[in-house]
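Visitor: need a structure here:
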Amino acid sequence: MIAFFRKDEQLDAFGTGVLEATWKQFPNLAASQIAMTWIVYDPPVPVNTGGALSPEAFWQHPVRGFSYRGDQRIYPASVVKLFYLVAAHEWMEKGMIQPSAELDRAIRDMIVDSSNDATGLVVDVLTGTTGGPELPPGPFETWKTQRHIVNRYFQSLGWPELEHINVNQKTWCDGPYGRERAALGEMMENRNMLTTNAAARLTHSIIGGVAVSSPRSQAMMDLMKRSLDPADLEADPENQVTGFLGAGVPLDAGVWSKAGLTSQVRHDAAYIELPDRQPYLLVVFTEGKDHSQNEAILPFVSQQIAASVERLS
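Guide: Predicted coordinates for the structure are as follows:
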């Protein structure tokens, strides 16, 4: 598969060093329990420009990157909400759904607060489906076909990173019931699944101003912006910074991100701007019950990456 970024000898060396340092610091973290994609934006920086580049120019702009297990399918938790964010803006742009104050509220809460209840409404609006009791076979097949509409949209983009993802399920606090549980499959084989490369490419398109349109990309970035102010973090225990990638960078950095957390995984996808250095995109997924509860792993990885960026040529 040809990635949207080119491999780079320096990033390979630094990225491998970051992983080795992480395994040394957290020896119980298995090599198969972490995946990472790291993209560096060298001058002239093509992202966070307010839409200065056309989509054609943006996708032809070369970027270098590093990936470790970047094509491994992993349950994404709330990182999937970035895909529903883009889809919602695409549907509104095309007139497939009508904007409303309630939909705006749900989209905001889905990204800013990572609300699962809000995400449920967004998925219902996107797909024209609702939860409820189990359905007879015929109507259930129709329901499942409708639920695949977001998958079909992302497949239509033709990005190889999205070939094997699944984004047709809601996110839950306690779990699904009725037709929602049946749609997961007996062995949960139809769960949402993403890769760090897929999450990186989607985020790359948002920060590049080419996800749906430049104004809509900017609206998405506005929701992804994270405050690093200690007072703000203390006031909001679910801030998506503490225990995540934003906790590993200086307070004067800029962070735009979407985290994911369950009892089994801890993930983050973040675009980071350090003062006077190349901005970069970092996506890290970790798996394992012990590691999902460990608030030190992702900040450590982020800190190591930030230190590597300071040394980039």
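
Visitor: how about stretch 144-158 as CSV, C-alpha atoms only?
Guide: Below are the C-alpha coordinates for stretch 144-158, written out as CSV (Å, rounded to 0.1, in the frame of the first residue of the first chain):
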residue,chain,number,x,y,z
LYS,A,144,-27.9,-2.6,8.4
THR,A,145,-27.5,-1.4,4.8
GLN,A,146,-28.4,2.1,6.0
ARG,A,147,-25.9,1.8,8.8
HIS,A,148,-23.2,1.2,6.3
ILE,A,149,-23.7,4.6,4.6
VAL,A,150,-20.8,6.2,6.4
ASN,A,151,-18.5,3.3,5.5
ARG,A,152,-19.6,3.7,1.8
TYR,A,153,-18.8,7.4,1.9
PHE,A,154,-15.2,6.9,3.2
GLN,A,155,-14.7,4.0,0.7
SER,A,156,-15.7,6.4,-2.1
LEU,A,157,-12.7,8.6,-1.3
GLY,A,158,-10.4,5.9,-2.7
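
Visitor: Can you list the buried residues in it?
Guide: Along stretch 144-158, these residues count as buried under the neighbour rule (16 or more other CB atoms under 10 Å): 144, 147, 149, 150, 151, 153, 154. C-beta coordinates here come from the backbone N, C-alpha and C atoms, glycine included.

Visitor: Contacts for it, please.
Guide: Outside stretch 144-158, the residues within contact range by CB atoms under 8 Å, 6 or more residues apart in numbering are 83-84, 87, 90, 123, 126-129, 162-163, 165-169, 183.

Visitor: Filter the residues you listed down to the buried ones.
Guide: 83-84, 87, 90, 123, 126-127, 129, 162, 165-169, 183.

Visitor: Identify the farthest-apart pair in these.
Guide: Among these, the pair separated by the greatest distance (CB to CB) is 90 and 183, at 22.5 Å.

Visitor: Quick check: nearest residue in space to the spatially most central residue of the chain, chain neighbours excluded?
Guide: Within the chain, the residue whose C-alpha comes closest to the C-alpha centroid is residue 79; the distance, by CA atoms, centre = their mean, is 3.9 Å. Taking CB to CB, 6 or more residues apart in numbering, and ignoring the residues beside it in sequence, residue 79 has residue 260 as its nearest neighbour in space, at 4.1 Å.
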